[in-house]
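Asker: Structure for the following, please:
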Amino acid sequence: LFGLFVNLVFLGQAFTIMLVYVWSRRNPYVRMNFFGLLIFQAPFLPWVLMGFSLLLGNSIIVDLLGIAVGHIYFFLEDVFPNQPGGGRLLRTPSVLKALFDTPEDDPNYNPLPEERPGGFAWGEGQRLGG
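Answerer: Modelled structure (predicted):
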């Protein structure tokens, strides 16, 4: 939706910056090295990439859009649910869960002999010395 306000059709770079932003906020103690020139902590990575983009003469609107959307996602997914009275506002639609989630394992499933380690029924049988 934000892409409509800034007249962007292709949002691949903004999505990439959004993923970088979320990763960097979830890994705040990772030390980064940018071209051997800059050493910084991971939360500064989106800003360093934006500065590099600015040095190359590109528009930083796409980077700012990715950072803004990444910040909103990080807040709604990682910060707000842990606040008193907070909750998860972003939920996966049940249609996608039904399509892509793996089915739960059947607790009554008895594996075939060839699926057991070594093909033996370990733990079954007679007690030693009995």
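Asker: so where is this protein shaky, pLDDT-wise?
Answerer: 1-3, 5, 111, 113-126, 130 (pLDDT under 70).
Asker: just the helices in it please.
Answerer: If you assign secondary structure with DSSP state H, the helices in the chain sit at 2-5, 12-26, 45-55, 61-74, 94-100.
Asker: I'd like to know which of these lies nearest to Phe35.
Answerer: Between Phe35 and the helices of the chain, the tightest spacing by Cβ to Cβ is seen for helix 45-55, at 8.7 Å. Using the backbone N, CA and C atoms, a C-beta is placed for each residue, glycine as well.
Asker: Who are the contact partners of Leu54?
Answerer: With contacts defined as Cβ atoms under 8 Å, 6 or more residues apart in numbering, Leu54 is in contact with Ile60.
Asker: go with 10 Å
Answerer: Ile60, Asp63 (Cβ atoms under 10 Å, 6 or more residues apart in numbering).
Asker: how far away is Leu96 from Ile72?
Answerer: In this structure, Leu96 and Ile72 are separated by 20 Å, where distance is defined by Cβ to Cβ, to the nearest Å.
Asker: Neighbour count for those two, which is higher?
Answerer: Neighbours were counted for Leu96 and for Ile72 using other Cβ atoms under 10 Å; Ile72 has more, 13 against 9.
Asker: was I right about the more buried one contacting Met18?
Answerer: Yes - contact status for Ile72 versus Met18: in contact at 9.2 Å, counting by Cβ atoms under 10 Å.
Asker: related to what we said a few turns ago, determine which of the helices of the chain approaches Gly85 most closely.
Answerer: Shortest separation from Gly85 across the helices of the chain is recorded for helix 61-74, at 19.0 Å, computed as Cβ to Cβ.
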